[in-house]
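*Asks:* Let me see the structure of the following:
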Amino acid sequence: MPYPLEQACFVEFLAVRKPKYICEIGMSLGVSLWLMSRAATDDAVVIGVEHTKDLPAKDFAAYGRAQQTLITVRGDAHTPETVAEVKHFLGGHLLDVLYLDADHTVEDLAIEMGCYVGLVREGGIVAFHDAQDVGSPPQEAWNALRAGRPSTCFWGDGYGYGIAAVEMVAPGKVTPEPIRVKG
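*Replies:* Residues are numbered from 1 along each chain as shown. You can find the predicted model right below:
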């Protein structure tokens, strides 16, 4: 199955960083979760949160490589119980990557950012899927979060919907390895 250009570029971007702790909010069928697991360390913890009741009852753990732990949290990402469950699976660690791909409304993104951005480590990545459309809620959330921080975007080639990423450092801080788009 061909993957949209933006996903291929985003996974390559992550592979350089070798994330160990990843969480996707709004994992749907798990395609992005699977792709991100390919960029992660061999012992990564990859968590997918999905509230959709018609989510296939499949074993997403099989998406991971041998030593990886892939966990599906089925529930509303906005509830304290779901946030607590994600924290439990992180085992006291902070996220290297938070990938937001749920309902894409202003209200939902504000809640998700409030619940999960604080779980991202200094220098970690917060990414927004479906951010290509000017003025879309994911693009507006990206614009708000990236103010003064290193950021990049991976726009689709007509098949995808764009991914926008922010490096979580103090606004205005220069990092030794800023985000760069492969040219």
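*Asks:* so where do the helices sit in this protein?
*Replies:* Secondary structure of the chain (DSSP state H): helices located at 5-17, 31-39, 80-90, 106-116, 137-146.
*Asks:* show me the residues around the closest residue to His93 other than its chain neighbours that make contact.
*Replies:* Leaving aside its chain neighbours, His93 sits nearest to Tyr21 (5.2 Å; criterion: C-beta to C-beta, 6 or more residues apart in numbering). C-betas here are computed from N, CA, C, even on glycine. Counting by C-beta atoms under 8 Å, 6 or more residues apart in numbering, Tyr21 touches Ala44, Val45, Leu90, His93, Leu94, Leu95, Asp96, Val97, Arg121.
*Asks:* Tell me where the longest strand sits in the protein.
*Replies:* Ranked by residue count and defined by DSSP state E, the top strand of the chain is strand 120-129.
*Asks:* ok, Phe10 - contacts?
*Replies:* By C-beta under 8 Å, 6+ apart, the contact list for Phe10 reads Leu35, Ala127, Phe154, Ile163, Ala165.
*Asks:* pLDDT on stretch 101-115, on average?
*Replies:* For stretch 101-115, mean pLDDT is 89.
*Asks:* Revised request: answer the last question for stretch 37-49.
*Replies:* The average pLDDT for stretch 37-49 rounds to 95.
*Asks:* do stretch 9-20 as well
*Replies:* pLDDT averaged over stretch 9-20 gives 95.
*Asks:* coming back round to it: report the strands that pair with the longest strand of the chain, each with its relative direction.
*Replies:* Here strand 120-129 has these sheet partners by DSSP bridges: strand 95-100 (parallel), strand 163-167 (antiparallel).
*Asks:* Tell me which of the ones you listed sits nearest to Thr79.
*Replies:* Thr79 sits nearest to strand 95-100 of all the strands paired with strand 120-129, at 16.3 Å, using C-beta to C-beta.
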